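Asker: dropping the sequence and predicted coords here.
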Amino acid sequence: MLKKLSMACMLCASLAMAQGYGGGRGRAGSGDMDPRANTPPSSNRFENIATSLNLNKDQRKTVRTILDEGAKEAAPIREQMSKSRVRVGEAIVANKSEDELKQVAKTASDLNAQLSQLEIKTFANTYAALDDIQKKDMRGLGRALFLMNGMYHIKNWTEE
Amino acid sequence: MFAKVFLTGIAVAALAVAQGGQMGPGGGGGGGRGGGMSDPGMSGGGVRASYHKESQADQIASRLKLTSDQKTEVNSLFEATAKDAAPIVQQVLKCRQDLANALLHGKSEAEIAPLNQALSDAVFQMTGVEVKAFQKVIALLKPNQMSKAPEAFDLMADIFVQLTRARGGWGGR
């Protein structure tokens, strides 16, 4: 049983890899039966996430709220990170010592990591809003996780 | 047990998607601020990152008021660095996936803490790569281009992750 499940997972992964990004992008000649395969690409990250996860109307509202709340939480961290990175830039320009540089770089990088952690926490919250079928769609989940990478590192998280 | 196997599958699928890389006809989406310069005369990921009004490299170039020759040099530098940084980019991605799996799996705080630490360490390594690359950028600048340099470093955040992605995969292809 375990072997079968592992194989199924690997198959899904292989499909995703073989088709590149695949579903949702309408790759010509893919023969993809997934209705998302014919969805035109969007410059709106939320639309891409919603399409990847095949969200219904109610779920779209819920997930949108989850992502917006994450963005609110991210805003002050991103602002701090930006200031912190400018300080790193100043240290580089001023040719500061390796130790001084490491210290300011660590502060900036910890803030960056915090944003990444927040993105992943938001992914987990989104997962909780899915139904059983959606939770089993590994390709969609993988895509959503991919789409959420870096989303709170920019001011407007919906922008691709 | 099923959940464990399933979540492992998500990780593998996410990695596969990431390695497949393309987000749209132009590729390169899903990330923060896009990758390479969009000057059609240059190599790099800018053309692929079609969703972005202006790529990170373009923003840096305009912030520093780079000349055409400097843009070419900086672009080559970024491309080479992105290639060299591929293992670190992969490490960042793996840490993200491990953390996502742990959260979906309802792991305890004690189990999640080392995963957060691993992610922080990987991101710090990535920042180190950015610092080294930026030191090389600075060396190309004229004195009158230095005033905005610190701001340009802010614009470089995660540029090599995005550039690697825009080029079509974590390992390049």
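Answerer: Perfect, thanks for sending it. Predicted, not measured: the structure shown is a model, and the values here were computed from it. Residues are numbered from 1 along each chain as shown, chains lettered A, B, ... in the order given.
Asker: and B:Trp157, that one's in a helix?
Answerer: Quick fix: residue B:157 is Ala, not Trp. No: counting by DSSP: H, G, I helix; E, B strand; the rest coil, B:Ala157 is not part of a helix but coil.
Asker: pLDDT wise, what is it at?
Answerer: Model confidence at B:Ala157, given as pLDDT, is 92.
Asker: so which residues of chain A form helices?
Answerer: Ranges of helices within chain A are A:2-18, A:45-53, A:57-93, A:98-128, A:132-135, A:138-148, based on DSSP state H.
Asker: point out where chain A drops to low pLDDT.
Answerer: A:1-41 (pLDDT under 70).
Asker: burial of residue 97, as a residue count?
Answerer: Here I'm looking at chain A. Neighbour count of A:Ser97, defined by other Cβ atoms under 10 Å in any protein chain shown: 9. In this view, the C-beta of every residue, glycine as well, is placed from N, C-alpha and C.
Asker: oops, wrong one, chain B.
Answerer: 24.
Asker: isn't it up against A:Phe146?
Answerer: No: using Cβ atoms under 8 Å, B:Gln97 is not in contact with A:Phe146; the gap is 10.0 Å.
Asker: buried ones in stretch B:87-101, by neighbour count?
Answerer: Neighbour counts over stretch B:87-101 (16 or more other Cβ atoms under 10 Å in any protein chain shown) mark B:88-101 as buried.
Asker: I'd guessed B:Ala82 sits against B:Leu163; true?
Answerer: Yes: under the criterion of Cβ under 8 Å, B:Ala82 makes contact with B:Leu163 at 4.2 Å.
Asker: these two: which is more packed in?
Answerer: Per other Cβ under 10 Å, whichever of B:Ala82 and B:Leu163 has more neighbours is B:Leu163, with 30 against 26.
Asker: helix or strand for that one, which one?
Answerer: B:Leu163 belongs to helix B:159-166 when elements are defined using DSSP states H and E.
Asker: from A:Met148, how far out is A:Phe123?
Answerer: According to Cβ to Cβ, to the nearest Å, A:Phe123 stands 5 Å off from A:Met148.
Asker: check B:Gln91 too.
Answerer: Distance check for B:Gln91 against A:Met148: by Cβ to Cβ, it reads 18 Å.
Asker: do the same with B:Leu141
Answerer: On the measure of Cβ to Cβ, B:Leu141 and A:Met148 end up 35 Å apart.
Asker: having no further points to raise, I will conclude here.
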